[in-house]
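*Asks:* okay, structure incoming, though there's no sequence with it:
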């Protein structure tokens, strides 16, 4: 039996980043730059989400000679549905950040 998808802050942050271009293949390095997540957090999350059927992954051949193949990830339709369900509406997030900044 698979592990239930979690909605930790890191998971939500990663899913929010991936929802910007949900059908595009994205590399871990790009996702790390977008989210600020370190590899020790990001890659276990990517593997777990893949095991849960929320992400699909593939190896992509290098764009330049001498570079290694890279693993790429994208949301499955189930993953996109889950991401939308745990995503926080932008105005609420902004209001909370403003409230913390002014308190």
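*Replies:* That came through fine. What you are looking at is a predicted structure, and each value in this text was computed from that prediction instead of being measured.
*Asks:* same question for the one helix or strand residue 56 maps to: list its buried residues.
*Replies:* Here residue 56 sits within strand 55-60, counting by DSSP states H and E. When burial is assessed from 16 or more other C-beta atoms under 10 Å, strand 55-60 yields the following buried residues: residue 55. Heads up, the C-betas are built off the backbone N, CA and C, glycines and all.
*Asks:* any idea which helix or strand comes after that strand?
*Replies:* In the C-terminal direction, the helix or strand that comes right after strand 55-60 (DSSP H and E) is strand 70-75.
*Asks:* ok, and what's touching that next one?
*Replies:* Contacts of strand 70-75 with the rest of the structure, by C-beta atoms under 8 Å, 6 or more residues apart in numbering, involve 15, 18-19, 22-29, 31, 46, 50, 54-60, 62, 83.
*Asks:* quick check: angle from that strand to strand 55-60?
*Replies:* Using axes from the mean of the first three to the mean of the last three C-alpha atoms, to 10 degrees, one finds that strand 70-75 and strand 55-60 are set 150 degrees apart in direction.
*Asks:* what is the helix or strand following strand 70-75 packed up against?
*Replies:* Moving toward the C-terminus from strand 70-75, the next helix or strand (DSSP H and E) is helix 77-86. With contacts defined as 3 or more C-beta pairs under 8 Å, 6 or more residues apart in numbering; DSSP states H and E, helix 77-86 has these neighbours: helix 9-19.
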